[in-house]
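[1] What shape does this take:
(2 chains)
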Amino acid sequence: MNESPAKAIALHAGVIALLFGLNFVLPAYHHGVLARVLVLTVFAMGYNLLFGYAGLLSLGHAMFFAAGLYGAGMTMYHLGWGVPAAFLAGLAAGAVLSLVIGLLALRTKGVAFMIVTMMFAQVLYLLIYYFSVWTRGDEGLVIQQQARAIELGGTRLDLTDPTTRYMAALFLFSVVLVITLAIVRSSFGRVLVAIRENEERTKMLGYDTLANKLAAMVASGAICAAAGAAYVILFGYVGSTLASVQYSILPLLWVLLGGASTTLGPLVGTLFMYYAVDVTSAHTSAYMLVVGVALILLVLYFPKGILGTVRDRWARWLP
Amino acid sequence: MTPLLTTMGLSRHYGGLMAVDRVDFSVMQGEIRAIIGPNGAGKTTFVGLICGRVQPTEGMIVFDGNDITNLPSYQRARLGIAYTFQITSVFANLTAYDNVALPVLRTLTDGRARGAVHAGVMAALERVGLVGRENMIAGTLSYGHQRLLEVAMGLALKPRLLILDEPTQGLSDGEIDNFIGLVREIARDATVLLIEHNMPVVMELADRVTVMNAGRILAEGTPVQIRANAAVQHAYLGTPEEGAADG
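    The predicted structure is shown next:
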């Protein structure tokens, strides 16, 4: 707050402008990949808020992503809700779930918090199978193409059209990026960092750390749910694999890779990881091995992630 | 005149160890009170009970007429009880400025105007003499400066009762002289509770001195009275007769 935010704002506006420009030049395949990466980046940004800033390592964030996926997907599939209402249903499901889980899980710290969040995520995962009459388990639900559109004052925005879909993903990404940047620069963001650095000290400065952590949990859960809701709306599929433990680990990897507690780290990490898997799997079936080695090297030589290292060495102003 | 802070029968037991044992204690508004005593006398546990870091086994704490025994620590901080840690615990990875901004943001009730935060932070840094170092990462400050930063964070809370836990530990003689001046200035609008091992500092600053030993209050009085008190000398130094008396 004592330095000018101009550089940071210019950088973020530049990134959004670049992504906007890419829409017109990218070949079809990469265009589609980037739309997906942007939605997954929103998931990672939600995770980063809790892990990177508040310092709470959750291993169960798949449940918030899944709350958004199923909150939006089931209301569209079974109740025939339109896109805006379904999106809000997904968002609300994530917010409520994260509030309840937060109230329970925040009684614990450290490793216990990791285990408790992971267990709750597994409960949700298994509930999806238990209610497979409605969810159809790992087979999942496919949302019909004609349902995935928004009527906007007479014009119909078809979200299955590549350009519209890309723009919708970019819009969500931009909104969440701005929200994250605002939170990070607010006094709430400062308190979260203080809790991460030294919770005991923060309490002695008169802050209700539990209330702040709960607020961070709900904000994080809601953002992840927004990503989930957008995912099912834009790509038309929801299935239980998207709620599996893998989807709790992935956002952690994306954030670590890109740089925890950097606003743009989730984008860098998600993009890097997605293409690492994409490129290596084209050449070998043992692609996870290659990805694993890459990750080990990154953790060894860039323990603060790509943007975290950049910030340490060259650009201290990076938010 | 009613005291600012009173404890009644305040105890904290760890298993069979009576870290603090039925302590009745009070401090008047505006006083500088020193708490001294040998290592393990229960001084830090005692102030920990006052600021809420440690839960009492029994007893009662009254601050400004209100029973605060069951209040969580953050609410006590909001009432105006500030604690600076014995083992320096500034936010090592944040700048000095950001360290002080946290308590300033908490106390600003009249909006979060950027100017007000900046003014508050700089005022607190100014009082402890850290202006010019505000953009340094706290962990890279010298030990003495980290101690001063602790005090600045305490001050920024605009405390009514400031608890300083061994503030001069690790400071140079010159820094101690400055520090004595600083505490005097703080005491103009706050009550100060000072845990201190450095006797010249205690003798110079304290209005009254409380001596603790084995979790209990051994003696209380003006610095002069305490210096002359035989029981205090006994607790600190032992006496030649001790062996004979015990035998």
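[2] got the CA positions of stretch A:28-41 in CSV?
    Provided in CSV are the C-alpha atoms of stretch A:28-41 (Å, rounded to 0.1, in the frame of the first residue of the first chain):
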residue,chain,number,x,y,z
ALA,A,28,-8.3,-24.0,-33.3
TYR,A,29,-6.7,-26.7,-31.1
HIS,A,30,-4.7,-24.3,-28.8
HIS,A,31,-7.7,-22.0,-28.8
GLY,A,32,-9.8,-24.8,-27.2
VAL,A,33,-7.0,-25.7,-24.8
LEU,A,34,-6.6,-22.2,-23.6
ALA,A,35,-10.3,-21.8,-22.9
ARG,A,36,-10.1,-24.9,-20.7
VAL,A,37,-6.9,-23.7,-19.1
LEU,A,38,-8.5,-20.4,-18.2
VAL,A,39,-11.4,-22.1,-16.4
LEU,A,40,-9.0,-24.4,-14.5
THR,A,41,-6.9,-21.3,-13.7
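[3] residues of the helix of greatest length in chain A that come out buried?
    Counting residues, the longest helix found in chain A (DSSP state H) is helix A:209-235. Under the neighbour-count criterion of 16 or more other Cβ atoms under 10 Å in any protein chain shown, helix A:209-235 has A:209-210, A:212-235 buried. The C-beta positions use only the backbone N, C-alpha and C, and glycine is treated the same way.
[4] need the strands for the chain, in chain order.
    No chain in the question, so chain A it is. A:141-142, A:149-152, A:155-158, A:237-238 (DSSP state E).
[5] Please refer instead to chain B.
    With DSSP E as the criterion, chain B has strands at B:5-14, B:17-27, B:32-36, B:58-63, B:66-67, B:81-84, B:161-165, B:191-195, B:208-213, B:216-221.
[6] ok, how many other residues are close to the residue lying closest to A:Ala243 once chain neighbours are set aside?
    Distances taken as Cβ to Cβ, 6 or more residues apart in numbering or on different chains place A:Ala66 nearest to A:Ala243, at 3.6 Å, with adjacent residues excluded. A:Ala66: 30 surrounding residues under other Cβ atoms under 10 Å in any protein chain shown.
[7] likewise A:Tyr29?
    Look at A:Tyr29: counted by other Cβ under 10 Å, it has 9 neighbours.
[8] do you know which of the strands of chain B lies nearest A:Val33?
    strand B:81-84 (53.2 Å; Cβ to Cβ).
[9] Can you tell me the strand partners of that closest one and which way each runs?
    The strands beside strand B:81-84 in its sheet (DSSP bridges) come out as strand B:161-165 (parallel).
[10] Let me know the angle separating the strand it pairs with from strand B:5-14.
    For strand B:161-165 against strand B:5-14, the angle between stretch directions is 40 degrees (axes from the mean of the first three to the mean of the last three Cα atoms, to 10 degrees).
[11] residues in chain B within reach of chain A, list them.
    Counting by Cβ under 8 Å from any Cβ of the partner chain, the residues of chain B close to chain A are B:51, B:53, B:72-75, B:77-78, B:82-83, B:85, B:89-94, B:97-98, B:101-103, B:105-107, B:112, B:114, B:117-118, B:121, B:134-135, B:153, B:157.
[12] Taking chain B, what residue is nearest to chain A?
    Using Cβ to the nearest Cβ, the closest approach of chain B to chain A is made by B:Ala77 at 3.4 Å.
[13] before we move on, back to that, could the strands of chain A be laid out in JSON lines, adding mean neighbour count, mean pLDDT and distance to B:Val202?
    Shown next, in JSON lines, are the strands of chain A (neighbours: other Cβ atoms under 10 Å in any protein chain shown; pLDDT from 0 to 100; distance: least, Cβ to Cβ, whole Å):
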{"stretch": "strand A:141-142", "mean neighbour count": "16", "mean pLDDT": "90", "distance to B:Val202": "74"}
{"stretch": "strand A:149-152", "mean neighbour count": "13", "mean pLDDT": "81", "distance to B:Val202": "73"}
{"stretch": "strand A:155-158", "mean neighbour count": "12", "mean pLDDT": "84", "distance to B:Val202": "75"}
{"stretch": "strand A:237-238", "mean neighbour count": "22", "mean pLDDT": "94", "distance to B:Val202": "69"}
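[14] Most proximal residue of chain A with respect to chain B?
    When scored by Cβ to the nearest Cβ, chain A has A:Gly206 as its residue closest to chain B, at 3.4 Å.
[15] circling back: what number of residues lie near the residue nearest to the residue of chain B closest to chain A when sequence neighbours are not counted?
    Once flanking residues are discounted, B:Ala77 sits nearest to A:Gly206: 3.4 Å by Cβ to Cβ, 6+ apart. For A:Gly206, the neighbour count with other Cβ under 10 Å is 22.
[16] Would you enumerate the residues in contact with A:Gly206?
    Shown in contact with A:Gly206 (Cβ atoms under 8 Å, 6 or more residues apart in numbering or on different chains): B:74-75, B:77-78, B:103, B:106-107, B:157.
[17] and the residues you listed as JSON lines, adding pLDDT and neighbour count?
    Formatted as JSON lines, these follow (pLDDT from 0 to 100; neighbours: other Cβ atoms under 10 Å in any protein chain shown):
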{"residue": "B:Tyr74", "pLDDT": "92", "neighbour count": "20"}
{"residue": "B:Gln75", "pLDDT": "93", "neighbour count": "15"}
{"residue": "B:Ala77", "pLDDT": "92", "neighbour count": "27"}
{"residue": "B:Arg78", "pLDDT": "91", "neighbour count": "17"}
{"residue": "B:Pro103", "pLDDT": "90", "neighbour count": "28"}
{"residue": "B:Arg106", "pLDDT": "85", "neighbour count": "20"}
{"residue": "B:Thr107", "pLDDT": "80", "neighbour count": "17"}
{"residue": "B:Leu157", "pLDDT": "88", "neighbour count": "24"}
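[18] any idea of the pLDDT on the residue nearest to the spatial centre of chain A?
    The centre of chain A sits closest to A:Phe43, judged by Cα atoms, centre = their mean, with a distance of 0.9 Å. A:Phe43 is assigned 97 on the pLDDT scale.
[19] Next up, the contacts around it.
    The contact partners of A:Phe43, taken as Cβ under 8 Å, 6+ apart, are A:61, A:65, A:223-224, A:227-228, A:251.
[20] Out of these, which is nearest to B:Phe63?
    Lowest distance from B:Phe63 to the contacts of A:Phe43 (Cβ to Cβ) belongs to A:Ile223, with 40.5 Å.
[21] Can you give me the distance of the closest one to A:Gly94?
    As judged by Cβ to Cβ, to the nearest Å, A:Ile223 and A:Gly94 stand 8 Å apart.
[22] Next: A:Gly60.
    Per Cβ to Cβ, A:Gly60 is found 13 Å from A:Gly94.
[23] Same question for B:Tyr74.
    28 Å.
[24] okay, the closest residue to A:Ser58 other than its chain neighbours: pLDDT?
    Nearest residue to A:Ser58 in three dimensions, chain neighbours excluded: A:Thr117, at 4.2 Å (Cβ to Cβ, 6+ apart). A:Thr117 is assigned a pLDDT of 97 by the prediction.
[25] surely A:Thr117 meets A:Ser98?
    No: in this structure, A:Thr117 is not within contact of A:Ser98 by Cβ atoms under 8 Å, at 10.3 Å.
[26] Find residues that contact each of those two.
    Counting by Cβ under 8 Å, 6+ apart, nothing touches both A:Thr117 and A:Ser98.
[27] remind me which residues of the chain are low pLDDT?
    The chain I'm using is chain A. A:1-4 (pLDDT under 70).
[28] Sorry, I should have been clearer: chain B.
    In chain B (pLDDT under 70), the answer is B:109-114, B:237-247.
[29] which residue packs closest to A:Pro251, ignoring adjacent ones?
    Computed as Cβ to Cβ, 6+ apart, the closest residue to A:Pro251 that is not its neighbour in sequence is A:Tyr47, at 3.7 Å.
[30] number of nearby residues for the one you found?
    When neighbours are counted by other Cβ under 10 Å, A:Tyr47 comes out with 28.
[31] So it is in contact with A:Gly60, correct?
    No: with contact defined as Cβ under 8 Å, A:Tyr47 does not reach A:Gly60; the gap is 10.6 Å.
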